[in-house]
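Peer 1: Kindly generate the corresponding structure for this input.
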Amino acid sequence: MAGGFSLAVARDCLGQADLVIAVGASLAHHNADAGRLFGQAHVLQIDTAPQTVSQGRIAAHSHIRADARLGALALAAAIPARPADWRGPDLARRLRETPADPEPFAPEPGLHDPRDVAAALNAALPQGWELVNSSGHCSYYVAHMPGRPWEQFLTIREFGAIGNGLPFALGVAAARPDRPAVLFDGDGSLLMHIQELETVRRTGLNLLVCVLNDGAYGSEIHKLRAEGLSDAGAVLGRPDFAAIARGFGLAGETVTDLARLPDLAARFAATGGAAVWDIPISDRVVSPVIRRAHPPGRQ
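Peer 2: Numbering: from 1, shown residues only. Below is the predicted model of the structure:
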């Protein structure tokens, strides 16, 4: 995965690249991590409408104006085959064993590391369910769920804005009534459309909402702290989303022990309906995206 959500190992590999071929990609700020992701590579773009400058920076150094499929086939035919010697057993082991973000953090007692939450949810939720990853700080962690097919994992990036997770999840649940839909969202984001839980109940949608609740607007508190400013204006407290869900007539659970997730998932699979799982996470764990964009102490 190339972009702001790249694995630590992937960033290392991309940083060593001499040539990057982008097929139909925008090469925008986040997609290329402002050019830092493959900073020493010559970038070639294949597109029907190649774009030299994207969001104020040079996106590609060379261009081939072509249809994505036809351009890729022509390029493959023109380049002699050679062994992919860099992608050997050692790299496969590193990709398999190295955490997406190995940075050490110490969550407060009683709160979860969001990286552990994402791993536990990925292990507990059955294959075949429709997954929706909303925007916001917590979306980085949930994006790292290996083994999930892309066609059943919708990651929302419209304008980089929070608050759009539940509306998208409603659409997915309505379009796929034959299987459960799962929304991963932050507390600040969900509160922007919390009233739509009534829509979920009234329409009988089969939807599970997993709230990574850090009691704040996650991206904002980390940006403010990095600048040495007060985060008070971005702190919400910790709403009891399980109680709110029950107030709307849905099932609600507060998950203080991640070991409960397999049983909760099995119960939801058996009963269907709609539910909200409120998962309290630490606000001290900072995603790599924020750490790179807002290093501590920057003036």
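
Peer 1: And the nearest residue to residue 152 once chain neighbours are set aside, how far from residue 193?
Peer 2: Closest residue to residue 152 apart from its sequence neighbours, by C-beta to C-beta, 6 or more residues apart in numbering: residue 130 at 5.4 Å. (Glycine included, C-beta is placed from N, CA and C.) Distance of residue 130 to residue 193, given as C-beta to C-beta, to the nearest Å: 18 Å.

Peer 1: Compare these two and say which one has the larger neighbour count.
Peer 2: Taking neighbours as other C-beta atoms under 10 Å, residue 130 and residue 193 compare with residue 130 leading, 21 against 17.

Peer 1: Just list the residues touching the more buried one, thanks.
Peer 2: 152, 154, 172, 173, 176, 179, 180, 181, 182 (C-beta atoms under 8 Å, 6 or more residues apart in numbering).

Peer 1: From the recorded domain assignment, give the ranges for the chain.
Peer 2: 8-95, 114-293 (automatic domain parsing).

Peer 1: and the next element down the chain from the lowest-mean-pLDDT helix or strand in the chain?
Peer 2: For the chain, counting by mean pLDDT, DSSP states H and E, strand 53-54 ranks last in confidence among helices and strands (a mean of 84). Heading C-terminal from strand 53-54, the first helix or strand you meet, by DSSP states H and E, is strand 57-58.

Peer 1: Can you identify the element that follows that following strand toward the C-terminus?
Peer 2: Next along the chain after strand 57-58, taking DSSP H and E as the criterion, comes strand 62-65.

Peer 1: Strands of this structure, start to end?
Peer 2: 19-23, 42-47, 53-54, 57-58, 62-65, 130-133, 153-155, 181-186, 207-213, 251-254, 274-280 (DSSP state E).

Peer 1: export those strands to CSV and tack on distance to residue 12?
Peer 2: Formatted as CSV, these follow (distance: least, C-beta to C-beta, whole Å):
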stretch, distance to residue 12
strand 19-23, 15
strand 42-47, 18
strand 53-54, 24
strand 57-58, 22
strand 62-65, 25
strand 130-133, 24
strand 153-155, 23
strand 181-186, 27
strand 207-213, 27
strand 251-254, 38
strand 274-280, 31
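
Peer 1: so which of the ones you listed comes closest to residue 96?
Peer 2: strand 153-155 (19.6 Å; C-beta to C-beta).

Peer 1: Pairing partners for that closest one, with directions?
Peer 2: Applying DSSP bridges, strand 153-155 is found paired with strand 130-133 (parallel).

Peer 1: what about the strand it pairs with, average pLDDT?
Peer 2: Averaged across strand 130-133, pLDDT comes to 96.

Peer 1: repeat for stretch 9-22
Peer 2: 91.

Peer 1: Could you give me the buried positions within it?
Peer 2: Buried residues in stretch 9-22, defined by neighbour count with 16 or more other C-beta atoms under 10 Å: 9, 10, 11, 13, 14, 17, 20, 21, 22.

Peer 1: Which parts of stretch 229-245 count as buried, going by neighbours?
Peer 2: So stretch 229-245, judged by 16+ other C-beta under 10 Å, has buried residues 231, 234, 235, 238, 239, 241, 242, 244, 245.

Peer 1: got the residue ranges for the helices in the chain?
Peer 2: Using DSSP state H, the helices found in the chain span residues 8-15, 68-78, 89-97, 114-124, 139-142, 165-175, 187-191, 197-203, 218-226, 241-247, 261-271, 288-293.

Peer 1: Any idea which of the ones you listed gets closest to residue 108?
Peer 2: When those are compared by C-beta to C-beta, helix 114-124 sits nearest residue 108, at 12.8 Å.
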